[in-house]
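S.K.: My questions are about this predicted structure, shown below with the sequence.
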Amino acid sequence: GKWTEKEKKLRDSIKQVLKCDVHQTNPLDPVELEPVDCLVTSLCLEAACKDKAAYCAALSNITSLLKPGGVLIMNGVLNETFYMVDKYRFSRLAIDQVLLEKAFREAGYETEWLEIFDGPDKSVNTLSDYEAAFNLPARKNK
């Protein structure tokens, strides 16, 4: 019963669902919103971007949605080239720690900390080939 109540509370609190295209300078175009205090993204940019330059540009684009001093919380994976959903295989941009830190620095962030977790043994994991997962909160420079 509690899950039903939590689901209703969450659904009632959602004001709007917006399309987001990280390749646009205003990722929410044509909607214009005031910058926010916090953004959270998980496993998105590596799937949306075909190369390192596109990844860096996409990070800069979503940064425009944050207030100066705002926080971006990103969860992702390192060195993943594919993942599976049922029988479908999807490609990913393999990013490493060096690219991740460089992209954040160039997009105007101060990294709070970077936490890296080893991925599963590749001989056991057939759903993806990632080497590690990460959590990265970063503050947009003022």
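M.R.: Noted; the coordinates are in hand.
S.K.: Where does the prediction get shaky in the chain?
M.R.: For the chain, applying pLDDT under 70 flags no range at all.
S.K.: Do a quick rundown of the helices in the protein.
M.R.: 2-13, 45-48, 52-63, 97-106 (DSSP state H).
S.K.: how about the second one: buried residues?
M.R.: To tie it back to what came earlier, the one meant is helix 45-48. 45-46 (16 or more other Cβ atoms under 10 Å). (C-beta placed from N, C-alpha, C; glycine too.)
S.K.: just use 697 as the starting number from now, easier for me
M.R.: Okay, residue one is now 697; in that scheme the one you just asked about reads as helix 741-744.
S.K.: which outside residues touch it?
M.R.: By Cβ atoms under 8 Å, 6 or more residues apart in numbering, the residues outside helix 741-744 that reach it are 718-719, 750-751, 754-755, 758, 770, 772-773, 776, 786, 788-791.
S.K.: Just give me the closest of those residues to E808.
M.R.: Closest approach between those and E808, by Cβ to Cβ: M770, at 11.0 Å.
S.K.: Tell me, how many residues neighbour the closest residue to the closest one other than its chain neighbours?
M.R.: Spatially, and ignoring its direct neighbours in sequence, M770 is nearest to L832 (4.8 Å; Cβ to Cβ, 6 or more residues apart in numbering). Other residues within reach of L832, judged by other Cβ atoms under 10 Å, total 21.
S.K.: Kindly report the same for E728.
M.R.: 7.
S.K.: isn't it right up against N722?
M.R.: Yes: using Cβ atoms under 8 Å, E728 is in contact with N722, at 7.1 Å.
S.K.: residue nearest the centroid of this protein?
M.R.: By Cα atoms, centre = their mean, the chain has its centre lying nearest to T737, at 3.4 Å.
S.K.: who touches that residue in this structure?
M.R.: 758, 768-771.
S.K.: Mind giving me the packing neighbours of the biggest strand by length in the chain?
M.R.: Among the segments of the chain that qualify as a strand by DSSP state E, the longest is strand 762-774. If you count contacts as 3 or more Cβ pairs under 8 Å, 6 or more residues apart in numbering; DSSP states H and E, strand 762-774 packs onto strand 732-738, helix 741-744, helix 793-802, strand 828-836.
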